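Chemist: Got a sequence here, can you model it:
(one chain, ligands or ions: 1)
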Amino acid sequence: MKSVVNKVAVLGCGISGAVCASVLARNGVSVTVFESGRGPGGRMSQRRETTEDGKELFFDHGAPFFNVSDNNVMNLVHEWEARGLVAEWKETFRSFDCISCKFVDTEKDGSGKKYVGVPGMNSICRAMCHEAGVEAKFGITVGRLEWLDDINSWSLISLDGQNLGHFDGVVASDKNAVSPRFTGVTRRPPPLDLSLFPELALKLQDVPVHSCFALMLAFSEPLTSIPVKGISFRNSEVLSWAFCDSSKPGRSATSECWVLHSTAAYAKAVIRETGLQKPSNEALTKVVEELFEEFQNTGLDIPQPFFMKAHRWGSAFPAMKVAGEEKCLWDWKKKLAICGDFCVSPNVEGAVLSGTEAAKKLLEIFSCL
Ligand SMILES: Cc1cc2nc3c(=O)[nH]c(=O)nc-3n(C[C@H](O)[C@H](O)[C@H](O)COP(=O)(O)OP(=O)(O)OC[C@H]3O[C@@H](n4cnc5c(N)ncnc54)[C@H](O)[C@@H]3O)c2cc1C
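Modeler: Numbers count the residues shown, from 1 in each chain. Reported below is the predicted structural model:
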């Protein structure tokens, strides 16, 4: 690589953007991460809630854990483990059949080692966006990405019209940042004008997403009637998973916190009824009631929680992968890379692989200039 320091803007501080930023910075690139949210993590966020009487509660309301099968990702996870950012969650999971109301022996999914961020799922993204060479700016949505041919660089403008500066290269780590055509819950036009990239536009057409509602619950006593800390539900139209968040390593055990996930079909039906806009309190209250009722219908002797709140993930899981073996998309001339789980597989491992490849691709491009 030439001695000149290249400047790259990364849109999004989910795991793909954070990993990408970290790899770029470790290779001498000056990286600025712009994230719409108030903090890092994206779908690996941790939600902080304060009850009326001032009790603080934390929930991993997005990805509850992740599995790893790829050797390169495993090496990275070992590095994160050594830094105290992740730990293995060794609790047992079982499937529960909602017709017979019994636990059945095998896990439906989630087998293999389960890793969690410590003390929250967002710990990895948080650490990576504070590494040397990375500057992270939160609460900033990139509203427009303009390629300036005359100076061979990108100009970034925020959604509220602020000039965010010029960059040699750009990484877009969220499908909503690049494609207007994804079905599901897209709230605004994408910052990138895909008509400038006809080849990429073809690949980014009509990628559907599955939605999911998460219900956060806190109990004053441990749920002793449940013999495991993770449940995958069979034969429920409403619930797909339940996790005891407070049983993860590094969490406070003061309250027993659980997170329930709805099925994609349930979420789709609710969104069909309530629309794509931000759900009203009324709509969310109904979701709280329905998910909790299904949990109680298991007959597992679930007491009344002292805290309940629902969250909608409009684009929880992409339903197809757009990048194949390449693991990311890119435009060589305009030094643009697109990464995220939608490029590889709808999980944390897929997002890590994609973010890593996007960084490698940009480094390759810079080294050839
Ligand atoms: C309920 C739920 C359960 C899940 N369960 C699992 C599981 O058990 N195991 C597993 O491995 N995975 C699971 N996943 C999936 C996993 O969370 C995702 O695959 C992974 O976190 C995706 O990371 P990402 O970086 O690709 O995208 P994201 O995490 O979505 O990050 C993209 C970021 O870009 C930001 N952004 C978008 N547009 C802009 C813009 N214009 N300007 C600035 N910022 C922008 C967004 O705010 C977001 O933070 C789950 C997800 C959900 C929602």
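Chemist: Tell me the buried residues in stretch 206-219?
Modeler: Buried residues in stretch 206-219, counting neighbours by 16 or more other CB atoms under 10 Å, are found at 207, 209-219. For glycine as for every other residue, the C-beta is placed from the backbone atoms N, C-alpha and C.
Chemist: Pick the one among the residues you listed closest to the ligand.
Modeler: Proximity of these to the ligand (CB to the nearest ligand atom) peaks at Cys212, which lies at 4.4 Å.
Chemist: For that closest one, which non-adjacent residue is closest in space?
Modeler: Take Cys212 and drop its neighbours on the chain: the residue closest to it by CB to CB, 6 or more residues apart in numbering is Ala316, 3.8 Å away.
Chemist: Neighbouring strands of the strand or helix carrying that neighbour in the sheet, and parallel or not?
Modeler: Using DSSP states H and E, Ala316 sits in strand 307-318. Strand 307-318 has the following strand partners under DSSP bridges: strand 209-219 (antiparallel).
Chemist: Next secondary structure after the strand it pairs with?
Modeler: Past strand 209-219, heading to the C-terminal end, the next element that is a helix or strand (DSSP H and E) is strand 230-234.
Chemist: Can you give me the buried ones in that next one?
Modeler: Judged by neighbour count (16+ other CB under 10 Å), strand 230-234 contains these buried residues: 230-233.
Chemist: Likewise for stretch 20-32?
Modeler: Residues of stretch 20-32 classed as buried under the neighbour-count rule (16+ other CB under 10 Å) are 20-25, 27, 29, 31-32.
Chemist: residues in the chain within reach of the ligand, list them.
Modeler: Counting by CB under 6 Å from any ligand atom, the residues of the chain lying close to the ligand are 11-17, 34-37, 42-44, 62-66, 141-142, 173-174, 176-177, 191, 212, 214, 261, 313, 316, 340-341, 346-349, 351.
Chemist: now with 5 Å?
Modeler: Proximity of the chain to the ligand (CB under 5 Å from any ligand atom) is limited to residues 11-12, 14-16, 34-37, 42-44, 62-63, 66, 141-142, 174, 177, 212, 313, 316, 340-341, 347-348, 351.
Chemist: Surely Val322 is within a helix?
Modeler: No: the assignment for Val322 is coil, going by DSSP: H, G, I helix; E, B strand; the rest coil, so no helix is present there.
Chemist: Torsion angles phi and psi at it?
Modeler: With angles defined as degrees, to the nearest 10, Val322 shows backbone torsions of phi -100, psi -10.
Chemist: ok, now how distant is the spatially most central residue of the chain from Pro346?
Modeler: By CA atoms, centre = their mean, the chain has its centre lying nearest to Arg43, at 2.0 Å. Computed with CB to CB, to the nearest Å, the distance linking Arg43 and Pro346 is 10 Å.
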